[in-house]
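Undergrad: Structure of the sequence below:
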Amino acid sequence: MTAEQVAAVLAERDVIQANLLELDGSFVKRMLDGAVLTGQTRERWPAAVATLAGLWETYLAYSAVVDRIALLGSGDRRPLKKDLPELTGLLAGACVTLPGAPAPLGRRDLAGTGKMAVTLAAAVETMRRSFTEVTEVTSAVEAVWTAVGAPLDAAAEELARSRPLVAGLGEEIGTAFRDAKAALDSLRAASNADPLGLFSPMQGGGHVDTSAADRLREQVAELAPKIAELDRLRGQARHKIDTLIAAVKAARADRQDAIAAWQRAAARVAPLPPLPPDVAEPPLASLGALAAAGQWSRLGAELGRCQAELAAAAAQTEEVRETAAASVGRRDELRGLLSAYKAKAARLGAAEDTELAAHYDQAYDLLWTAPCDLAAAGSAVSGYQRAILATKGRR
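TA: Next comes the predicted model:
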């Protein structure tokens with residue numbers, strides 16, 4: 001008998017006690033003890049609780065023997081000679097009485113207690129098997145709560161951030177939010193009441209079914225940006241409507257300027273493109289009704305349509321203005337060309353040529369007649385140029 005043997009027994013008891021206390025006080029056990037369980041968890045957890053209770057009974061019997069060993073064989077003094085037989089028996093003999101379930105009445109001894117005495121090593125092995133049975137259940141539950149909790153927590157955080165924004169965004173988005181929240185609560189309750197229903201034991205571990213939680217996480221991940229966008233649109237709706245009104249006012253003023261430019265050009269040249277179309281009044285009544293009903297998606301689409309139509313009208317107005325200015329510019333350019341060609345004819349000594357004079361007079365009359373026919377005037381100037389070139393060739 002050695003002090004090292006006694007010390008080893010005491011150390012092993014301390015480790016067992018620490019593990020049992022940790023298991024008994026674990027978060028998983030406390031949650032399952034206080035929950036209304038369903039499904040597979042309701043079937044398996046009571047058995048695990050009974051196993052744990054039996055484990056504690058075995059531990060108490062085992063610990064009592066270890067306490068006696070500590071009393072006889074630990075400390076600074078060596079064991080007394082008279083205590084060695086008892087100490088040896090405690091260390092190696094069947095000294096731990098295990099609780100046992102009563103045998104069937106037909107096989108029961110009249111004086112039998114149903115209890116069984118085993119060695120310390122056998123008691124430890126019995127506790128090890130019971131500990132493994134219980135921790136298999138608690139580990140599976142912890143694995144489920146960890147795996148399922150991550151997507152559910154992420155969805156819950158997104159919904160919590162979106163909740164203050166939902167009111168007034170319309171029935172469609174409100175229904176989608178409520179459905180997501182109900183699904184979150186349902187999945188959370190199901191994973192708390194029957195976590196083992198989501199766990200499939202496998203060799204080397206197990207598989208947690210997170211498909212429903214993952215789908216909800218994806219659903220909320222798509223819903224949250226929609227809520228944020230609608231809230232942004234709601235916050236900017238009044239500003240956008242006011243901006244649209246101002247833009248329509250500016251576009252109408254610009255159209256009036258373009259009409260005035262067109263009219264000035266029409267008095268000088270022809271033909272010109274038709275006047276720019278009227279700029280429609282914004283549908284303020286329908287926009288206000290959409291805002292009042294919280295139909296922000298439709299309001300955004302309607303505002304986008306109005307802005308697109310306004311941009312198209314502004315582009316047409318600018319095109320008419322540019323075309324009118326270009327037409328007047330073209331007439332002035334033709335006038336300059338006609339003067340330049342006349343000067344060239346004079347340098348060639350053909351200023352008195354009757355044929356050239358006729359071409360010149362035709363072009364001049366067209367260019368200085370209001371409104372000027374640009375097509376005819378352009379042809380006349382080109383004809384005058386060709387006539388000059390022909391005269392130059394003859395000379």
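
Undergrad: And the strands in the stretch 1-150 of the chain, which stretches?
TA: 96-98, 116-118 (DSSP state E, counting those that start in this stretch).

Undergrad: Can you pull the domain assignment for the protein?
TA: Here the domain parsing of the chain from automatic domain parsing is 3-208, 233-325, 329-394.

Undergrad: Check the average confidence over the shortest one, would you?
TA: Averaging pLDDT along domain 329-394 yields 88.

Undergrad: Show me what the lengthiest helix in the chain is packed against.
TA: Taking DSSP state H as the criterion, the chain has its longest helix at helix 211-266. In this structure, helix 211-266 makes packing contacts with helix 120-166, helix 171-193, helix 284-292, helix 296-347, judged by 3 or more CB pairs under 8 Å, 6 or more residues apart in numbering; DSSP states H and E. Bear in mind the C-beta positions are built from the backbone N, C-alpha and C, glycine included.

Undergrad: cutoff 6 Å now
TA: helix 120-166, helix 171-193, helix 296-347 (3 or more CB pairs under 6 Å, 6 or more residues apart in numbering; DSSP states H and E).

Undergrad: ok, residue 62 touching residue 121?
TA: No: counting by CB atoms under 6 Å, residue 121 is not a contact partner of residue 62; they are 10.4 Å apart.

Undergrad: Skipping its backbone neighbours, what lies nearest the residue nearest the centre of the chain in space?
TA: By CA atoms, centre = their mean, the chain has its centre lying nearest to residue 221, at 3.1 Å. Leaving aside its sequence neighbours, residue 221 sits nearest to residue 158 (CB to CB, 6 or more residues apart in numbering; 6.8 Å).

Undergrad: any idea how far the one you found lies from residue 219?
TA: Between residue 158 and residue 219 the distance is 10 Å, computed by CB to CB, to the nearest Å.

Undergrad: The two: who's more crowded?
TA: residue 158 (20 against 17; other CB atoms under 10 Å).

Undergrad: and the gap between that one and residue 37?
TA: Applying CB to CB to residue 158 and residue 37 gives a distance of 29 Å.

Undergrad: low-confidence ranges in the stretch 201-350 of the chain?
TA: 203-204 (pLDDT under 70).

Undergrad: ok, now how distant is the residue lying farthest from the centre of the chain from residue 136?
TA: The C-alpha centroid of the chain is most remote from residue 352, which lies 85.8 Å away (CA atoms, centre = their mean). Separation of residue 352 from residue 136 (CB to CB): 122 Å.

Undergrad: now swap in residue 176 and tell me
TA: 40 Å.

Undergrad: cool, and residue 198?
TA: 15 Å.

Undergrad: ok, the two, which is more surrounded?
TA: residue 198 (26 against 14).

Undergrad: Please tell me I have it right and the more buried one contacts residue 210.
TA: No: distance between residue 198 and residue 210: 7.7 Å, which falls outside the contact criterion (CB under 6 Å).

Undergrad: neighbours around residue 240, how many?
TA: So residue 240, with other CB under 10 Å, has 18 neighbours.

Undergrad: oh, I was asking about residue 287
TA: Neighbours of residue 287 (other CB under 10 Å): 20.

Undergrad: which residues sit in contact with it?
TA: residue 241 (CB atoms under 6 Å, 6 or more residues apart in numbering).

Undergrad: ok, now how distant is it from residue 303?
TA: When residue 287 is compared with residue 303 (using CB to CB), they lie 7 Å apart.

Undergrad: What of residue 6?
TA: Residue 6 is 87 Å from residue 303, by CB to CB.

Undergrad: do the same with residue 375
TA: 44 Å.

Undergrad: Please say which of these two ends up with more neighbours.
TA: residue 303 (20 against 11).

Undergrad: which residues does that one contact?
TA: Neighbouring residues of residue 303 by CB under 6 Å, 6+ apart: residue 240.

Undergrad: now it: how far from residue 134?
TA: For residue 303, the distance to residue 134 - CB to CB - is 63 Å.

Undergrad: same deal with residue 392?
TA: In terms of CB to CB, residue 392 sits 116 Å off from residue 134.

Undergrad: Mind checking which of those two has more residues around it?
TA: The neighbour comparison of residue 392 against residue 134 (other CB under 10 Å) goes to residue 134, with 23 against 13.

Undergrad: For the more buried one, which residues are in contact?
TA: 48, 51-52.

Undergrad: Grab the nearest non-local neighbour of residue 144.
TA: Residue 144 sits nearest to residue 195 (CB to CB, 6+ apart), 4.0 Å away.

Undergrad: wait, doesn't that neighbour sit right on residue 142?
TA: No: contact criterion CB under 6 Å: residue 195 and residue 142 do not qualify, at 8.6 Å.

Undergrad: which one of these two has more residues nearby?
TA: residue 195 (28 against 16).

Undergrad: Could you measure from that one over to residue 42?
TA: From residue 195 to residue 42 the distance is 11 Å (CB to CB).

Undergrad: and if you look at residue 131?
TA: 22 Å.

Undergrad: Please apply the same query to residue 98.
TA: In terms of CB to CB, residue 98 sits 28 Å off from residue 42.

Undergrad: of the two, who's got more company?
TA: Between residue 98 and residue 42, counting by other CB under 10 Å, residue 98 is the more crowded of the two (19 against 15).

Undergrad: before we move on, back to that, now, the contacts of residue 134 that are in helices?
TA: Using DSSP H, these in helices are 48, 51-52.

Undergrad: Adding distance to residue 383 and neighbour count, write these out as JSON lines.
TA: Converted to JSON lines, the ones in helices among the contacts of residue 134 look like this (distance: CB to CB, whole Å; neighbours: other CB atoms under 10 Å):
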{"residue": "48", "distance to residue 383": "110", "neighbour count": "20"}
{"residue": "51", "distance to residue 383": "115", "neighbour count": "16"}
{"residue": "52", "distance to residue 383": "114", "neighbour count": "21"}
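
Undergrad: Looking at those, which is nearest residue 344?
TA: Proximity of those to residue 344 (CB to CB) peaks at residue 48, which lies at 113.1 Å.
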